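Asker: mind folding the following:
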Amino acid sequence: MGSLNRYIFRTAGGAFAVVLISLTAVIWITQALREIDLVTSQGQSVLVFFGITSLVIPLLVMVIAPIALVIAVAHTLHKLTNDSEIIVMNAAGISPWHLFRAMIPVALVATVLVTAIAAYFAPKGYRMLRHWIAEVRANLVNNIVQPGRFLTVESGVTIHIRARQTNGQLVGVFLDDRRNPQERNTILADVGEVMQNDRGTFLLLRNGTVHRYDSAARAPNIVTFDTYAIDLSRFAGGPLEVRYSLRERYLWELLWPDPKDNEYIDRPGRFRAEMFDRLMAPFYPVVFTVIAFAFLGAPRTTRQNRSLPIAGTIMSVLVLRLIGFASTVIGARIPLVLAVQFIAAAVFMGGGLYVIYHGIILEPPALITNWINAQTERLTRRFATS
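Answerer: I've put the predicted structure just below:
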């Protein structure tokens, strides 16, 4: 790798890393806020919250990486054009094709990253996320009982505690059971503790009273107890039986599915569509790089308008991604449609490589350019006088 290639790789690679990290962080925060109830209402620690929400990061990176690469390539070419470096390179005999080859290593890095995530890390993150959330929400009593709050754990059952000790012991327990319309039970206890054993989950109360209100009696029956156990197994999670969705399957499980898999038997079309979508994902970084360079990599002076090439890049990337999305959705019912996304990618890539190799400058016809410039000037004058 020569000094020119190293310079372009360093510029484009640095921009790619910054954009990818920034966009992933922003979108991750918006997704993480949706699970804030893990801390506020289910009593989980901040570490558990960050651990669970961070498991979606691989999927975000897989989706964002091709877009971040387009932005990085556009930024690099914009910088080279503003500094007149592309003009100087062209005058020195360096063709756009040679300049494009310096971008390929960055695209290959993004491709390897997306491939690894699509094949293993994204499904692995989904599986860990499912297991973690299931474990957090399995033992409902331990998770949702918070000091100072009256919480309904089931229709007609309300529980309240005054405080929770560092050892997990509950202080000032109040439990009201109104599930039976003919009888209401209210339990008050000084201390309580959630116990688990082979028989289930129990709330063991000490030093308290049970108030039974019978609809046929005028006064309640009050029973004092030293210890009193309440079966909470219905509120606690039993053995977790996980059935993985398509997004949680590794790539090799989609390529060679188990013929006895119920998901595969019920929805073979969705299996096939998910597999093609995963296989297509690594091609997007390379194709998007070709598209961006085809529109923006030609030598241009700083006086030439670059808004239309940028718009062309955005529209081409958007169209190709929409074709891929539509192909996956429709292909679940019509298998032949799944090939459309690969054909479209091949057409865009082939056309882009042809433009780059021959040094063609992609610009709209002069009539359209003049019309757009006239409309822009008219709007500028209107806003300037208002």
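Asker: make sure R206 is indeed in a strand.
Answerer: Yes: under DSSP: H, G, I helix; E, B strand; the rest coil, R206 sits within a strand.
Asker: burial check on it, number of neighbours?
Answerer: As a burial measure, R206 scores 15 neighbours (other C-beta atoms under 10 Å). C-beta here means a position set from N, CA and C on the backbone, and glycine is covered the same way.
Asker: pLDDT score for it?
Answerer: Among the per-residue scores, R206 holds a pLDDT of 91.
Asker: mind checking which helix or strand the residue positioned nearest the centre of the chain is in?
Answerer: In the chain, the C-alpha nearest the mean C-alpha coordinate belongs to L60, at 4.2 Å (C-alpha atoms, centre = their mean). Taking DSSP states H and E as the definition, one finds L60 inside helix 57-82.
Asker: quick one: low-confidence parts of the chain?
Answerer: Applying pLDDT under 70 to the chain flags the ranges 1, 35-45, 133-145, 153-154, 196-201, 232-243, 301-305, 364-369, 372, 384-386.
Asker: what ranges do the strands span in the stretch 151-300 of the chain?
Answerer: Using DSSP state E, counting those that start in this stretch, the strands found in the stretch 151-300 of the chain span residues 151-154, 157-164, 170-180, 183-197, 200-214, 221-231.
Asker: how about the contacts made by the residue lying closest to V73 once chain neighbours are set aside?
Answerer: Nearest residue to V73, sequence neighbours excluded (C-beta to C-beta, 6 or more residues apart in numbering): A292, at 4.3 Å. By C-beta atoms under 8 Å, 6 or more residues apart in numbering, A292 lies in contact with V70, V73, A74, L77, T313, V317.
Asker: and with 10 Å instead?
Answerer: Contact analysis of A292 by C-beta atoms under 10 Å, 6 or more residues apart in numbering lists 69-77, 103, 107, 309-310, 312-314, 316-317, 352.
Asker: please apply the same query to E85.
Answerer: For E85, the contact set (C-beta under 10 Å, 6+ apart) comprises L4, Y7, I8, L77, K79, I94, L99, P299.
Asker: list buried residues within the residues you listed.
Answerer: Neighbour counting by 16 or more other C-beta atoms under 10 Å classes I8, L77, I94, L99, P299 among those as buried.
Asker: between these, which sits nearest L23?
Answerer: Comparing the buried ones among the contacts of E85 against L23 with C-beta to C-beta places L77 closest, at 19.3 Å.
Asker: domains of this structure?
Answerer: 3-137+243-377, 144-231 (automatic domain parsing).
Asker: please identify the most buried of those.
Answerer: Neighbour counts (mean count of other C-beta atoms under 10 Å) averaged over each of the domains of the chain peak at domain 3-137+243-377, with a mean of 17.
Asker: ends of that one, how far apart?
Answerer: Between the opening and closing residues of domain 3-137+243-377 there is a gap of 43 Å (C-alpha to C-alpha, to the nearest Å).
Asker: one step back: turn the strands of the stretch 151-300 of the chain into JSON lines, including distance to A273.
Answerer: As requested, those are exported to JSON lines (distance: least, C-beta to C-beta, whole Å):
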{"stretch": "strand 151-154", "distance to A273": "40"}
{"stretch": "strand 157-164", "distance to A273": "44"}
{"stretch": "strand 170-180", "distance to A273": "46"}
{"stretch": "strand 183-197", "distance to A273": "43"}
{"stretch": "strand 200-214", "distance to A273": "42"}
{"stretch": "strand 221-231", "distance to A273": "46"}
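Asker: closest to H211 out of the buried ones among the contacts of E85?
Answerer: Closest approach to H211 among those (C-beta to C-beta): L77, at 77.2 Å.
Asker: spatially nearest residue to that closest one, not counting backbone neighbours?
Answerer: Closest to L77 by C-beta to C-beta, 6+ apart is L296, at 4.4 Å.
Asker: and that neighbour, how close does it get to A344?
Answerer: For L296, the distance to A344 equals 21 Å [C-beta to C-beta, to the nearest Å].
Asker: how about the contacts made by the residue of the chain most remote from its centre?
Answerer: Relative to the C-alpha centroid of the chain, counting by C-alpha atoms, centre = their mean, R218 is the outermost residue, at 58.7 Å. By C-beta under 10 Å, 6+ apart, the contact set of R218 is empty.
Asker: returning to that earlier point: let's have the buried ones among the contacts of E85 in CSV, adding distance to I52.
Answerer: Shown next, in CSV, are the buried ones among the contacts of E85 (distance: C-beta to C-beta, whole Å):
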residue, distance to I52
I8, 40
L77, 40
I94, 50
L99, 44
P299, 50
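Asker: output the longest helix belonging to this structure.
Answerer: Ordering each helix of the chain by length in residues (DSSP state H) puts helix 3-32 first.
Asker: check which helices and strands that helix sits against.
Answerer: Judged by 3 or more C-beta pairs under 10 Å, 6 or more residues apart in numbering; DSSP states H and E, the packing partners of helix 3-32 are helix 46-53, helix 57-82, helix 85-91, helix 96-116.
Asker: which one of those helices lies closest to A326?
Answerer: Among those, the nearest to A326 by C-beta to C-beta is helix 57-82 (16.5 Å).
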